[in-house]
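turn this into a model:
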Amino acid sequence: MCIRDRAKAGVLAYRDAIARRARGEVLERWTRFDSPVLADLASRANRDEARRRELLDLTVLEGTNRKLKRGQVDPEDPQSVLAELPPLAKEALNDTLSRYRGTLVVPPAIETLRVLDAAREYGSGVASFPRVRALVLVRGVSDDPADDRILEVKELADSGLAGLYPPGVYANDVGRRIVTTSRAAWARPDAEPHWGTSSWVGFPCQVRLESEGQKGVRVERLVGDRGRPEALLAMATAMGQVLARVHTAGDDGVAIAQAISARFVVDMDGFVNEQADFGASYADRTMTDHAHFVRALQRDGFRLGIPLDTSDEPSPDLRALYGTPPSLPPLP
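I've put the predicted structure just below:
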């Protein structure tokens, strides 16, 4: 079985789910774990959410007070480092979270967002290298440190897809784009109700819950029974149905499904083959690009060979937010 077969299974599941939604059916949450891949994902997510693993991994308890760790926090990711935030940036976080609260579907009590500690996060995620990001420890629903939560506050930038999507699909600002799309996708009462936006020392930012209970499919776990063709086909089928549910969420979901269906019903086979071909080629390109990026990091370091230029130094205001980067360990 080739990659295209799995991509095609996802497309067929998407097509069939869109047709069902166009007829007025409700696309329910995906709760069947026919694939060992999804069963493994659900099992790990439930385990780590119950354990509050993010608190174990990222914080220390000193008496009854919890604080974020500093320095290298993940032995499997030596480039991921937590460092001190400049006082100006740290003090601004209470106002940031107050504004963030107003963008949520069901805003929590303001006392659950009281900042207990915060640290700048470096080196997590390829796309996040140039972004200002902080982990913020907040009080939670009580003074019990077991109820503490961690939020990620991350600088927002415009989408790299600008100009590639059809005319008429736009938002007036990047924050509104994030809120609108997340409401239609994962930031729902049954998914991620903590996803919102705000501003932080002049930067637009997004805020989300940092939780080890939120898992994704990882390539390195596609081994054994999880790597068998039937397991991957079942995973692709589930993902196609979930994507259809995302695309048709909201009160106008039936009308959206009818509009989508009307576009591909004209040439059903053509739609399926086009998307399957694209999925297979894009998967190959993604793996190749990632390998190139890793080699570039190993060869040229985090600046990818770009020399330092004093004219590019941040202004005093920006330095107050950025702080002084820690000395990161060398790449393997």
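
what about the closest residue to residue 276 other than its chain neighbours, how many neighbours?
Excluding its sequence neighbours, the residue lying closest to residue 276 (Cβ to Cβ, 6 or more residues apart in numbering) is residue 8, at 3.9 Å. To be clear about C-beta, it is placed using only N, CA and C from the backbone, and glycine gets the same treatment. For residue 8, the neighbour count with other Cβ atoms under 10 Å is 21.

which residues touch residue 8?
By Cβ atoms under 8 Å, 6 or more residues apart in numbering, the residues touching residue 8 are 272-273, 276, 279.

one more: residue 60?
Applying Cβ under 8 Å, 6+ apart, the residues contacting residue 60 are 66-67, 69.

hmm, back to that, want to throw the contacts of residue 8 into a markdown table with pLDDT?
Below are the contacts of residue 8 laid out as a markdown table (pLDDT from 0 to 100):
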| residue | pLDDT |
| --- | --- |
| 272 | 92 |
| 273 | 92 |
| 276 | 92 |
| 279 | 90 |
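
between those, which is closest to residue 174?
residue 279 (27.7 Å; Cβ to Cβ).

what lies in contact with stretch 110-121?
65-70, 80-85, 89-90, 93-94, 97-98, 100-101, 132-141, 148-149, 152, 323.

which of these fall within strands?
Among the contacts of stretch 110-121, the residues falling in strands (DSSP state E) are 65-68, 81-83, 133-138, 149, 152.

and the longest helix along the chain, how far out from the chain's middle?
Scanning the chain for the longest helix, with DSSP state H as the assignment, gives helix 268-300. In terms of Cα atoms, centre = their mean, to the nearest Å, the centre of helix 268-300 is set 19 Å apart from its chain centre.

my guess is residue 178 contacts residue 156. True?
Yes: contact criterion Cβ atoms under 8 Å: residue 178 and residue 156 qualify, at 6.5 Å.

mind listing the shared neighbours of the two?
Contacts common to residue 178 and residue 156, judged by Cβ under 8 Å, 6+ apart, are 197, 206.

burial measure for residue 41, as a count.
Per other Cβ under 10 Å, the neighbour tally for residue 41 reads 19.

once you drop chain neighbours, what's closest to residue 134?
Nearest to residue 134 is residue 153, by Cβ to Cβ, 6+ apart, at 4.8 Å.

go ahead and confirm the one you found touches residue 96.
Yes: if you go by Cβ under 8 Å, residue 153 and residue 96 touch, sitting 6.4 Å apart.

overlap in contacts, those two.
198, 200, 205, 207.

so what strands line up beside the helix or strand that contains the third one?
For residue 205, the host element (DSSP states H and E) is strand 203-209. Within its sheet, and counting by DSSP bridges, strand 203-209 is paired with strand 149-155 (antiparallel), strand 196-200 (antiparallel).

what angle do the first one and strand 133-138 make?
If you take axes from the mean of the first three to the mean of the last three Cα atoms, to 10 degrees, strand 149-155 sits at 150 degrees to strand 133-138.

mean confidence for strand 149-155?
Per-residue pLDDT over strand 149-155 has a mean of 93.

export it as CSV, just CAs?
Output in CSV follows, covering the C-alpha atoms of strand 149-155 (Å, rounded to 0.1, in the frame of the first residue of the first chain):
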residue,chain,number,x,y,z
ARG,A,149,-2.6,25.7,35.1
ILE,A,150,0.0,26.7,32.5
LEU,A,151,-0.9,29.0,29.6
GLU,A,152,1.2,29.7,26.5
VAL,A,153,1.3,33.3,25.4
LYS,A,154,2.8,33.6,21.9
GLU,A,155,3.3,36.5,19.5
